[in-house]
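Asker: coordinates only, sequence not included:
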């Protein structure tokens, strides 16, 4: 479940996801703040699993420099988005920010947060906007670190409808 709340200088996205992977159940609650240009400004992530409860704070001024729990994280330099392993919604952030035209391609490295353990790493990824399919937007997405590629489908507002193997919007 995801909620978007417009605020005077951007949006606040609040969500919760759960899953069972490899026999291990987890839940992740998050709040992400983006500015009017859809650049991530910060995120708070709360995770619970059999290993216990964890909390994580990410901060950036939208300039590609990050702090993780108040500590500078130079390994994330150049990342403009946060990407949560637990949420297909975070793939909407670079789509909004980049505003690609059909045929355009862009690299979109992200501060990637693992669902179990809330570890943060840099994730190199690319988006290529393909031709329109009626009101839907389609992007060829690649994340080489996971040897993963697929086509993501978005609704006219730029929210994920289909993320193959990960998520399908129910309503």
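Answerer: Here it is on my side, so go on. Quick caveat: nothing in here was measured; it's all calculated off a predicted structure.

Asker: centroid-nearest residue for the chain?
Answerer: Centroid check for the chain by Cα atoms, centre = their mean gives residue 90 as the closest residue, at 2.3 Å.

Asker: Three-state assignment for residue 128, please.
Answerer: Under DSSP: H, G, I helix; E, B strand; the rest coil, the three-state class of residue 128 is strand.

Asker: give me the number of residues near it?
Answerer: 17 (other Cβ atoms under 10 Å). All C-beta atoms are positioned from the backbone trio N, CA, C, and that covers glycine.

Asker: what's near enough to touch it?
Answerer: Shown in contact with residue 128 (Cβ atoms under 8 Å, 6 or more residues apart in numbering): 100, 103, 104, 105, 139, 140.

Asker: quick check, nearest of these to residue 124?
Answerer: Of all the contacts of residue 128, the one with the least separation from residue 124 (Cβ to Cβ) is residue 105, at 13.5 Å.

Asker: hang on, that closest one packs against residue 126?
Answerer: Yes - with contact defined as Cβ atoms under 8 Å, residue 105 reaches residue 126; the gap is 6.4 Å.

Asker: looking at these two, which one has more neighbours?
Answerer: residue 126 (17 against 13).

Asker: contact partners for that one?
Answerer: Applying Cβ under 8 Å, 6+ apart, we find residue 126 in contact with 105, 106, 107, 108, 141, 142.

Asker: run the last query once more with 6 Å
Answerer: Residues counted as contacts of residue 126 (Cβ atoms under 6 Å, 6 or more residues apart in numbering) are 107, 142.

Asker: for beta bridges, what are the partners of it?
Answerer: residue 107, residue 142 (DSSP bridges).

Asker: equivalent analysis for residue 163, please.
Answerer: Listed by DSSP bridges, the beta-bridge partners for residue 163 are residue 167.

Asker: next one: residue 82
Answerer: Beta-bridge pairing for residue 82 (DSSP bridges): residue 111.

Asker: in the stretch of helix or strand residue 122 belongs to, what's buried?
Answerer: Element membership for residue 122 (DSSP states H and E) is strand 120-123. Residues 120, 122, 123 are the ones in strand 120-123 that count as buried (16 or more other Cβ atoms under 10 Å).

Asker: could these be laid out in TSV, adding pLDDT?
Answerer: Listed next are the buried residues of strand 120-123 as TSV, based on pLDDT from 0 to 100:
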residue	pLDDT
120	98
122	98
123	98
